[in-house]
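1. Whatever this is, show me its structure:
(chains A, B, C and D)
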There are 2 protein chains.
Amino acid sequence: MDHVARIQQEWARERPDVDVRPAGVIGRLHRVAGHLTERLCLVYRRFGLAEGEFDVLATLRRAGAPYERAPGELAAHTMVTTGAMSKRVDRLEQAGLVTRRPSESDGRGRVVALTTAGLELIDAAFTEHMANERRLLDALAPDDAERLEEILTRWLAVFELPVGEPPA
Amino acid sequence: MDHVARIQQEWARERPDVDVRPAGVIGRLHRVAGHLTERLCLVYRRFGLAEGEFDVLATLRRAGAPYERAPGELAAHTMVTTGAMSKRVDRLEQAGLVTRRPSESDGRGRVVALTTAGLELIDAAFTEHMANERRLLDALAPDDAERLEEILTRWLAVFELPVGEPPA
DNA sequence: AGGATATATCTTCCTTGGAAGCTATATTGA
DNA sequence: TCAATATAGCTTCCAAGGAAGATATATCCT
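-> Predicted coordinates:
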């Protein structure tokens, strides 16, 4: 009887007219995601980074040399607004991990680039980040991990590869 | 080739020395959780509630008549700090959905209780919330949903029913 | 060419939550 | 009893992101 099962039991007592079975999957998914986020952030912290900052550096690193992206691209990749991205880049620039310069081809545009310090930091942080994810995943039987990935891939496709936007 | 697979492919090119397979499961889990949260919030919004406020009202409702809890209990159940709970209760009290009064048995304590308006609102909102979760889950094959719940239950137990706290 | 519209980024204000500390009350132990 | 400590809730300050609007530049259409 875990935390989510207890919640479902209470609802079943208070609201017997409602089918609360869906909360079992969705509740546990959210709790697992929350615990994972917490553990992942511990590693980011060891490198002086918050989650959002790690994401930005990782996105720049993944782009390949010369490790540059427009702020708008970074925002789209990391699923935040461009306003939030302005502030993330402010902080990273302040920390000397990225630079910001005008685009040569578009007077409205800016180019955010990793500095040498930023590149070294994200390379070190990413190595430990993946080792951390490996450890977290090792708590699960290999068969479970494989099936979990398959199922989540199918579910994610419903949200991200929609034929027609499903209703809210 | 979904979004997460694309990210893995980029990492494989840039950092062939690192095994990025764990990011497949963990990345998709986070993205699915994010999409679900977004959809759930749409329903909360229709009742004028933010996610945290819905959680507080739901926790009070689940407690059963007379729908009361101490702020500290609410904080523990909804996984926020007591400081955050003070502010949530402020907003709900302002909206006339809960009341706050001194505890009779402990001079330090307070009792947060649903008002009639709060009870009616959370009952209506919860009914639609569960219908919403049902719809979201119906995007998945029943077999997948069942297996997903089993796997997540096992994984969650690692975090929430630990024999010895696993390392970060 | 030049006005209308679109786009990229940034700025400002607002919301939410965390961390740390404050106050009042309870409990414990000499 | 009464000083020391613990606990409950609240307040203050700060961090981070969203929404909306401001500014500068691009593009399109006549």
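2. CA only for contacts and neighbour counts going forward, please
-> Noted.
3. Roughly how far does A:Val32 sit from DNA strand C?
-> When C-alpha to the nearest atom of the strand, to the nearest Å is applied, the distance between A:Val32 and DNA strand C equals 16 Å.
4. nearest spatial neighbour of that residue, skipping sequence neighbours?
-> In space, and not counting its chain neighbours, A:Val32 is closest to B:Leu156: 5.6 Å by C-alpha to C-alpha, 6 or more residues apart in numbering or on different chains.
5. just checking, that neighbour touches A:Arg28?
-> Yes. The pair formed by B:Leu156 and A:Arg28 meets the contact definition of C-alpha atoms under 8 Å, at 6.9 Å.
6. Going by secondary structure, the residue nearest to A:Val32 is in what exactly?
-> helix B:142-160 (DSSP states H and E).
7. can you list the residues that contact that helix?
-> A:2, A:24-25, A:28-29, A:31-32, A:35, A:139-140, A:144, A:148, A:151, B:137 (C-alpha atoms under 8 Å, 6 or more residues apart in numbering or on different chains).
8. And what about the residue in chain A that DNA strand C sits nearest to, helix, strand or coil?
-> Residue of chain A nearest DNA strand C, by C-alpha to the nearest atom of the strand: A:Gly72 (3.1 Å). Under DSSP: H, G, I helix; E, B strand; the rest coil, the three-state class of A:Gly72 is helix.
9. got TSV for the contacts of helix B:142-160, with secondary structure and pLDDT too?
-> Converted to TSV, the contacts of helix B:142-160 look like this (DSSP: H, G, I helix; E, B strand; the rest coil; pLDDT from 0 to 100):
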residue	secondary structure	pLDDT
A:Asp2	coil	88
A:Gly24	helix	95
A:Val25	helix	95
A:Arg28	helix	94
A:Leu29	helix	94
A:Arg31	helix	91
A:Val32	helix	93
A:His35	helix	90
A:Ala139	coil	93
A:Leu140	coil	94
A:Asp144	helix	95
A:Leu148	helix	96
A:Ile151	helix	96
B:Leu137	helix	95
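10. Drop anything exposed from these.
-> Applying 16 or more other C-alpha atoms under 10 Å in any protein chain shown to the contacts of helix B:142-160, the neighbour count classes A:Gly24, A:Val25, A:Arg28, A:Leu29, A:Arg31, A:Val32, A:Ala139, A:Leu140, A:Asp144, A:Leu148, A:Ile151, B:Leu137 as buried.
11. Which pair of these spans the longest distance?
-> Maximum pairwise distance in the buried ones among the contacts of helix B:142-160, criterion C-alpha to C-alpha, is 25.6 Å, between A:Ala139 and B:Leu137.
12. Now do the contacts for the closest residue to the residue of chain A closest to DNA strand C other than its chain neighbours.
-> Spatial nearest neighbour of A:Gly72, chain neighbours left out: A:Thr82 (6.0 Å); criterion: C-alpha to C-alpha, 6+ apart. For A:Thr82, the contacting residues are A:Pro71, A:Gly72, A:Ala75, taking C-alpha under 8 Å, 6+ apart as the criterion.
13. Outline the domain layout of chain A.
-> Per the record, chain A has its domains at A:1-46, A:49-168, by automatic domain parsing.
14. Output the set of residues of chain A in proximity to DNA strand D.
-> By the criterion of C-alpha under 7 Å from any atom of the strand, the positions of chain A lying close to DNA strand D are A:50-52, A:79-81, A:83-85, A:87-88, A:105-108.
15. between the residues you listed, which has the most around it?
-> Looking at those with neighbours defined as other C-alpha atoms under 10 Å in any protein chain shown, the largest count falls to A:Met85 at 22 neighbours.
16. Show the contacting residues for it.
-> Contact criterion C-alpha under 8 Å, 6+ apart gives A:Pro71, A:Gly72, A:Leu74, A:Ala75 as the residues in contact with A:Met85.
17. is it true that the third one touches A:Ala58?
-> No. In this structure, A:Leu74 is not within contact of A:Ala58 by C-alpha under 8 Å, at 10.1 Å.
18. Quick check: which element contains the residue nearest to A:Glu128 when sequence neighbours are not counted?
-> Of all residues beyond its chain neighbours, the one nearest A:Glu128 is A:Val43 (7.2 Å), with distances taken as C-alpha to C-alpha, 6+ apart. Using DSSP H and E, A:Val43 falls within helix A:22-46.
19. How about the helix or strand following that helix and DNA strand C, touching?
-> Per DSSP H and E, helix A:22-46 leads on to helix A:51-62 as the next helix or strand towards the C-terminus. No. If you take C-alpha under 7 Å from any atom of the strand as the test, helix A:51-62 misses DNA strand C, and the best it gets is 12.9 Å.
20. Report the buried residues of helix A:51-62.
-> In terms of neighbour count (16+ other C-alpha under 10 Å), helix A:51-62 has its buried residues at A:Gly52, A:Glu53, A:Phe54, A:Asp55, A:Val56, A:Leu57, A:Ala58, A:Thr59, A:Leu60, A:Arg61, A:Arg62.
21. hang on, the earlier thing: most widely separated two among the contacts of helix B:142-160?
-> The widest separation within the contacts of helix B:142-160, taken as C-alpha to C-alpha, falls between A:Ala139 and B:Leu137 and amounts to 25.6 Å.
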